[in-house]
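S.K.: Structure, please.
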Amino acid sequence: MTTQQIESTQKNTFDTAAGLIVRYGLVIVLAWYGGLKFMRYEAEGIVPLVSDSPLMSWVYDVFSVSTFSALLGVFEIAAAVLLAVKPWWPKISVAGSLLAVALFASTISFMFTTTGVFEDAQGGFPALSLTGGFLMKDIALLGISVWTLADAVRALRR
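M.R.: The predicted structure is shown next:
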């Protein structure tokens, strides 16, 4: 093997490992938070986020707090499962990525609508409260979801 072939093999191995960590890390996060949505404390924890949102506050007129939380959990777990099947069914995984993008875009919108995202005692923006810090991670998770979408689309083209 030439040096270039060895470097190419190492690069492909590293890229493959990184892709697996990214994809299945997202699967774990979605499945875990999705499972938590069936617990009372998590259902009550998202109430301020949803209630303050001009786009989503109506859901509590239709669903109870626990029902909406459980429904959200079903969507998060479904996205995790759909993302996980990419090696066998990349087309189905595209749907999981799109669902994850929608979920994280929705959560990021709470950064702009939820009271208390910025820490008033520290002068407000840019100091984040615990809620703001919790929501901040979704910016990265949105990016990861977009990457998994591109990855699944590439697999479809092969």
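
S.K.: any chance you could map the helices in this structure?
M.R.: 3-36, 40-45, 47-52, 59-62, 65-84, 90-113, 130-157 (DSSP state H).

S.K.: I'd like to know which of these is closest to residue 123.
M.R.: Ranking the helices of the chain by their distance to residue 123 (criterion: CB to CB) puts helix 130-157 first, at 13.3 Å. Every residue, glycine included, has its C-beta placed from N, CA and C.

S.K.: Hmm, residue 117 and residue 128 touching each other?
M.R.: Yes. Shown here, residue 128 and residue 117 form a contact pair, counting by CB atoms under 8 Å, at 6.9 Å.

S.K.: So which of these two has more stuff around it?
M.R.: Set residue 128 next to residue 117 and count neighbours by other CB atoms under 10 Å: residue 117 wins out with 22 against 16.

S.K.: How about that one, nearest residue that isn't a chain neighbour?
M.R.: residue 132 (4.0 Å; CB to CB, 6 or more residues apart in numbering).

S.K.: Flag the shaky bits of this structure, pLDDT-wise.
M.R.: 5-11, 124 (pLDDT under 70).

S.K.: export the helices of the chain to CSV and tack on mean neighbour count?
M.R.: Rendered in CSV, the data for these read as follows (neighbours: other CB atoms under 10 Å):
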stretch, mean neighbour count
helix 3-36, 14
helix 40-45, 14
helix 47-52, 17
helix 59-62, 11
helix 65-84, 19
helix 90-113, 19
helix 130-157, 16
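
S.K.: Take the ones you listed and lay them out in TSV including distance to residue 122.
M.R.: Formatted as TSV, the entries for the helices of the chain read as follows, by distance: least, CB to CB, whole Å:
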stretch	distance to residue 122
helix 3-36	27
helix 40-45	22
helix 47-52	19
helix 59-62	31
helix 65-84	30
helix 90-113	17
helix 130-157	11
